[in-house]
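Undergrad: attaching a predicted model along with its sequence, questions to come.
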Amino acid sequence: AMRARAICPSLSFAGFRRSANVVRPQSSTSTSAPKKHSPAAVRELIDRRASEFLESNRTNPALQRLVKAQNNALQHILDTLCGETIGETIESTSYSSSLDLPFDSNANQTHPRATETLDVLFKRTLLLLQAKKGYRCNVDSLILAAHVSGVSGEVSRMGSSQEYPRVDGNSSKKKTKIADLGAGSGVVGILCTLSGHGRNVDSSLFVERQVELASRCERNVQLNGLREKATVVRGDVLEVFDDDKLKNNWLGTCDAVAVNPPYYQLNSARGKGTLPSNTERLEAHYETTASLFEFAKAARKLLRVEEGAKKAEDREDSEEDVNAASLHRPAAHFVYPADAERLIIEACAQAGLGDITVRKVYTDSDSLNDKKPALVLVDAREGVKKEKGTIFPSYSAQPLVLYADEKQLKYCPEIERFMENLGLE
């Protein structure tokens, strides 16, 4: 199964550190006592050393983000040890849900803990803290993020060669807001914000129910230099939007909502088999509280409502014009197993997101020839497309074939370009 496949290529932090040729300063043998230095002088030294390193290593965005995160952590430690705050303090943007479980993210602790790894992924552009034995990032997250970025700011997926106006820094100053529901460690939302389209993202919302994953998500946000743009919420999609602050700041404001939901229902035919013994993995892969419908319902609440926008069934334009216009309407984007395509379509339609476009994802050219897709990417917008009373989605004429070679060592040009365009703000 595609979900179980390890992401390739990736790089361990140890290998990344060696490849980056990081020169470690020699331990000082000086007997001068650091006590004679004021906190301000130490802070100035930390900033200067970081600036010198960043100036000489401009080509590696992940390394730059890592150095910046470590610099921020050192500053935080200095403040804590001195018992004072020097300079600007960033207000935490984390919230807990209405559950009685506290959320202490410790966002400044960007180093991996004993139970975690720090991985450098996607052409050495993404820094990701993950559990050694819990839920770990898979290729589905990369596929969804590349798709969301493409639909939001690149070219139509509807089979036309026409290029529509870009929604990125090259053609528009319009700021956008995105959300990642069931965010896990934050991979999809972070990738979307780091992408070419994402450089125009003003705010990103990450919602995750599991405490450890939510904490790891915020640390990954910090690690990748996105803390000023991000709001990380620890809560279930069933109840998290009961919070007044979230209602006022997020409901009805998002241009895109990305959802990588659990793929299986407990006690269902598709969910049969040995369940994961690890709780983090179990709750990531199986619906334990919110259903597909409830994810779709939450996504619809977040989507921006366009004034004067016509529903799909009310339009008098040609099908090609309708499809082209739909691309730039706010949408919820899902990734889901192809053998359960009907489940995600019905859930979206039930939630009022019945203007649906489906793009099939094949592992390689052999599965394309055999017409056996592994996944579907579903773009769901407000409205309804019906034929004889049945929801009738549109199908993209351009499927995604993930791997470009038989050995599955290289991704297709679309995914490769997406990874190459990830970088610093």
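TA: Thanks, I have the structure now. Residues are numbered from 1 along each chain as shown.

Undergrad: which stretches of the stretch 51-200 of the chain form strands?
TA: For the stretch 51-200 of the chain, the strands defined by DSSP state E, counting those that start in this stretch cover 95-96, 116-121, 126-131, 176-181.

Undergrad: and the ones you listed as CSV, adding mean neighbour count, distance to residue 299 and mean pLDDT?
TA: To be clear about C-beta, it is placed using only N, CA and C from the backbone, and glycine gets the same treatment. Shown next, in CSV, are the strands of the stretch 51-200 of the chain (neighbours: other C-beta atoms under 10 Å; distance: least, C-beta to C-beta, whole Å; pLDDT from 0 to 100):
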stretch, mean neighbour count, distance to residue 299, mean pLDDT
strand 95-96, 18, 19, 44
strand 116-121, 20, 26, 92
strand 126-131, 24, 24, 93
strand 176-181, 26, 6, 94
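
Undergrad: among these, which is nearest residue 344?
TA: Closest approach to residue 344 among the strands of the stretch 51-200 of the chain (C-beta to C-beta): strand 176-181, 13.6 Å.

Undergrad: hmm, who's touching the closest one?
TA: 148, 152, 167, 186, 188-189, 192-193, 198, 200-207, 237, 250, 253-259, 261, 295, 298-299, 302, 304 (C-beta atoms under 8 Å, 6 or more residues apart in numbering).

Undergrad: among the residues you listed, which are in helices?
TA: 148, 152, 188, 189, 192, 193, 250, 295, 298, 299, 302 (DSSP state H).

Undergrad: which one (most neighbours) among those?
TA: Among the ones in helices among the contacts of strand 176-181, the one with the most neighbours (other C-beta atoms under 10 Å) is residue 189, at 32 neighbours.

Undergrad: what's opposite residue 400 in the beta bridge?
TA: Assessed by DSSP bridges, residue 400 has beta-bridge partners residue 361.

Undergrad: surely it touches residue 359?
TA: Yes - using C-beta atoms under 8 Å, residue 400 is in contact with residue 359, at 6.3 Å.

Undergrad: name the residues contacting each of the two.
TA: In contact with both residue 400 and residue 359: 147, 377, using C-beta under 8 Å, 6+ apart.

Undergrad: give me the more crowded residue out of the two.
TA: A direct count of neighbours by other C-beta under 10 Å for residue 400 and residue 359 places residue 359 higher, at 25 against 22.

Undergrad: now residue 247: how far from residue 224?
TA: 28 Å (C-beta to C-beta, to the nearest Å).

Undergrad: ok, those two, which is more surrounded?
TA: Just comparing residue 247 and residue 224: by other C-beta under 10 Å the higher neighbour count belongs to residue 224, 28 against 12.

Undergrad: now do the contacts for that one.
TA: Counted by C-beta under 8 Å, 6+ apart, residue 224 has contacts 65, 69, 126, 127, 190, 194.

Undergrad: surely residue 348 and residue 379 touch.
TA: No - assessed by C-beta under 8 Å, residue 348 is found out of contact with residue 379, at 9.5 Å.

Undergrad: ok so, going back, for the strands of the stretch 51-200 of the chain, give me JSON lines that also has distance to residue 273.
TA: As requested, the strands of the stretch 51-200 of the chain are arranged in JSON lines below (distance: least, C-beta to C-beta, whole Å):
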{"stretch": "strand 95-96", "distance to residue 273": "34"}
{"stretch": "strand 116-121", "distance to residue 273": "27"}
{"stretch": "strand 126-131", "distance to residue 273": "22"}
{"stretch": "strand 176-181", "distance to residue 273": "26"}
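
Undergrad: so which of the ones you listed gets nearest residue 109?
TA: strand 126-131 (9.6 Å).

Undergrad: the closest one pairs with which strands, parallel or anti?
TA: Strand 126-131 has the following sheet partners, assigned by DSSP bridges: strand 116-121 (antiparallel).

Undergrad: now the strand it pairs with against helix 187-194, angle please.
TA: Interaxial angle, strand 116-121 versus helix 187-194 (axes from the mean of the first three to the mean of the last three C-alpha atoms, to 10 degrees): 40 degrees.

Undergrad: dump the residue contacts of the residue nearest to residue 351 when sequence neighbours are not counted.
TA: Nearest residue to residue 351, sequence neighbours excluded (C-beta to C-beta, 6 or more residues apart in numbering): residue 296, at 3.7 Å. Contact partners of residue 296, counting by C-beta under 8 Å, 6+ apart, are 259, 332, 334, 347, 348, 350, 351, 353, 380.

Undergrad: make it 10 Å
TA: Shown in contact with residue 296 (C-beta atoms under 10 Å, 6 or more residues apart in numbering): 181, 237, 257, 259, 261, 290, 332, 334, 344, 346-353, 378, 380.

Undergrad: please narrow these to those residing in helices.
TA: Going by DSSP H, the helices hold 344, 346, 347, 348, 349, 350 from the contacts of residue 296.

Undergrad: so among those residues, which ones count as buried?
TA: With neighbours counted by 16 or more other C-beta atoms under 10 Å, the ones in helices among the contacts of residue 296 contain buried members at 344, 347, 348, 349.

Undergrad: from those, which is closest to residue 405?
TA: The closest of these to residue 405 turns out to be residue 344 (C-beta to C-beta; 29.7 Å).

Undergrad: so that closest one makes contact with residue 262?
TA: No - the pair formed by residue 344 and residue 262 falls short of the contact definition of C-beta atoms under 10 Å, at 11.8 Å.

Undergrad: intersection of neighbour lists for these two?
TA: In contact with both residue 344 and residue 262: 292, 295, using C-beta under 10 Å, 6+ apart.

Undergrad: which neighbours do residue 348 and residue 379 share?
TA: Jointly contacting residue 348 and residue 379 under the rule C-beta under 10 Å, 6+ apart are 332, 334, 355, 356, 393.
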